[in-house]
Every structure is written in structure tokens, then in C-alpha cells.
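**Student:** Need a 3D model of the following:
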Amino acid sequence: MYKKLFVIAAVALFAFSATASDLTTEDIIANIQANQTKIHDMYAETTTTITSSMTMPGQESKGPQTMVQKGKMWTKGQDKSKIEILSPTRQITITNGDIITVINQDTGQSFTQDLSKTREKAGLPGGGSMDLAKALNYFDLSIVQKDNQYIISGKPKQSNKFLGRMEFYIDSDRWLPVKIIMYTPADKVMSTTEMRYKKISDIWVATETSSAATTPMGAIKTEMVFENVKVNQGIADREFRIYMKGRMQ
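**Tutor:** Numbering: from 1, shown residues only. Here you go, the predicted structure:
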């Protein structure tokens, strides 16, 4: 989840010369990764508030609608996550590498998808996380320094009908990504995500995120709060097991 944002930002910084400061590229990426490498696994209880004004074609607008979800979240490494929604519906979503499984606990129905195929169709990098080689192959990168932030801009090298460019805002005092902005190919803001942090066991952990997205069908805002956060408690791999065609991956 938000852990991948650290990886993307760190990778981006490694791809060009750090002309915006006296720090070397190795210094900058080391600063960003210093905190993240401390997090091997994490558990949290979540409250997600979703406010949407989206309307399907042919339907009349009912005004903004708000839904509150309660859940739990487990993450491990860069490519394992499990999200269990407890209310208003009961659902489990497990991501393990490129494979994702969604289970409706009320009906027992489930489906599994290979995310690498979806990324390929969208023209996005594959893999469980965005590593250096993938970022270098996909983005043209640039950086500017403004006040106490580094602003990293990544533009796809090949034409992409979904994504024009992305901007990562890095707090240079704490070396944390605090904002991500995605733009359409027409250079209009598509979504904005902001992260807020607390120190838990001497590790900076995102405890609040807020996202706002605009689509042709309307706007949607998502606010997520993480509580009872536990870091490096030794989460077992079995939490992220995926069932496919009657067998377990």
C-alpha cells in the first residue's frame, strides 16, 4: 500500500543526478530508504471514509454520498498485503506479488486476477513493486528543490492514454513522501494523495492518508486513518496465501 510509495519515490531519486543540492544521488536515496527499511511488516486497524458525487450515465445526481468502512490491514515486504473489511460489508482482499484475490465473506464468492496482465494492457510497469530497472525503462525523470521539499516529476517515455505524469513531494527534513499528484495526458490533475505520519517504535509510519480524484462521472474523496498500528511483530506468510482454482498458492 503506502509502503510502495516510498519505493517509487526512492527509485525515482536514484535515476538522475542530484543537481538540486550538494547531496549525491546515493545520499538522497539512502536518506529515504533509511526509515522504510526498518519496516518489515505492519498491522493496523483502519477507518476509511469515502465521499462520492459520482453518477453513472443515465442516472440523476443524488448529491454527495458518504460511506464509512471499518477494517484491518496486514503488510509484509514490498509485495504482500491483506485488507479485511469488517463493515458495512465483509470482504478480504489479498495481494501477493502480481496475484490478487478478493473474497466476499457474506456470499463466499471470490475471484483471482493476475495484475501483471492488467498493467500490461494499461501500459504500466509490471511486478510486485517498482524497481530501478522498471522506473528507468518507463519514466523520464526530473527533480527540483523548493523550500524544504524535493519535487520529483516522472513522465512516461511512451504515450499513455491514462497517465500524463506524476509528481512526488518529498519532505527533506524527515525524508518522507508527503504528496503524490497524478496528471492526465492533457496535464489536468487526475488525483492528489497526501500522507501524514507518526513515529511508532522510532519508525515514521503513515497514520493518515487522504486522496481526491476527479473522473468524467464525478469526484471521489477517500480519507483513511490507521489505528492500533503494530510494526515488526513477525507476521507469518500464511496471512497472504492465495487460493486459485481450488488450490493454494
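
**Student:** hang on, Lys82 packs against Thr101?
**Tutor:** No. Under the criterion of C-beta atoms under 8 Å, Lys82 is not in contact with Thr101, lying 9.8 Å apart. C-beta here means a position set from N, CA and C on the backbone, and glycine is covered the same way.

**Student:** I'd assumed Ala206 was in contact with Ile39.
**Tutor:** No. Ile39 lies out of contact with Ala206 (C-beta under 8 Å); the separation is 10.2 Å.

**Student:** which one of the two has more residues nearby?
**Tutor:** The neighbour comparison of Ile39 against Ala206 (other C-beta atoms under 10 Å) goes to Ala206, with 23 against 19.

**Student:** Could you report the pLDDT at that one?
**Tutor:** Looking at Ala206, its pLDDT reads 92.

**Student:** Give the other helices and strands that whichever strand or helix holds it contacts.
**Tutor:** Per DSSP states H and E: Ala206 is located in strand 203-215. Strand 203-215 sits against strand 189-200, strand 218-231, with contacts defined as 3 or more C-beta pairs under 8 Å, 6 or more residues apart in numbering; DSSP states H and E.

**Student:** how much does the first one deviate in direction from strand 203-215?
**Tutor:** Orientation note: strand 189-200 sits at an angle of 160 degrees relative to strand 203-215 (axes from the mean of the first three to the mean of the last three C-alpha atoms, to 10 degrees).

**Student:** Walk me through which strands strand 189-200 pairs with, and which way each runs.
**Tutor:** The sheet places strand 189-200 alongside strand 176-183 (antiparallel), strand 203-215 (antiparallel), with pairing taken from DSSP bridges.

**Student:** Can you point out the buried residues in it?
**Tutor:** Buried residues in strand 189-200, defined by neighbour count with 16 or more other C-beta atoms under 10 Å: Met190, Ser191, Thr192, Thr193, Glu194, Met195, Tyr197, Ile200.

**Student:** What is the neighbour count of the nearest residue to the second one once chain neighbours are set aside?
**Tutor:** Closest residue to Ser191 apart from its sequence neighbours, by C-beta to C-beta, 6 or more residues apart in numbering: Ala213 at 4.0 Å. Using other C-beta under 10 Å as the criterion, Ala213 is surrounded by 17 other residues.

**Student:** OK, contacts around Ala213?
**Tutor:** For Ala213, the contact set (C-beta atoms under 8 Å, 6 or more residues apart in numbering) comprises Met190, Ser191, Thr192, Ala219, Ile220, Lys221.

**Student:** Go ahead and confirm the second one touches Ala219.
**Tutor:** Just to be clear, that refers to Ser191. No. Look at Ser191 against Ala219 with C-beta under 8 Å: they stay out of range, at 10.1 Å.

**Student:** picking up where we left off before, can you give me the pLDDT of the residue nearest to Ser191?
**Tutor:** 93.

**Student:** Could you measure from it over to Ile151?
**Tutor:** 20 Å (C-beta to C-beta, to the nearest Å).

**Student:** Export stretch 72-87 to CSV, keeping only CA atoms.
**Tutor:** Extracted in CSV, the C-alpha atoms of stretch 72-87 (Å, rounded to 0.1, in the frame of the first residue of the first chain):
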residue,chain,number,x,y,z
LYS,A,72,-7.9,-4.4,9.3
MET,A,73,-4.7,-4.4,7.3
TRP,A,74,-1.5,-6.5,7.2
THR,A,75,1.5,-5.8,5.0
LYS,A,76,4.8,-7.6,4.6
GLY,A,77,7.8,-6.7,2.4
GLN,A,78,7.0,-4.8,-0.8
ASP,A,79,4.5,-7.2,-2.4
LYS,A,80,2.3,-8.7,0.3
SER,A,81,-0.8,-7.1,1.7
LYS,A,82,-4.1,-8.2,3.2
ILE,A,83,-7.1,-5.9,3.7
GLU,A,84,-10.1,-7.2,5.6
ILE,A,85,-13.2,-5.0,5.5
LEU,A,86,-15.5,-5.7,8.5
SER,A,87,-18.3,-3.2,7.8
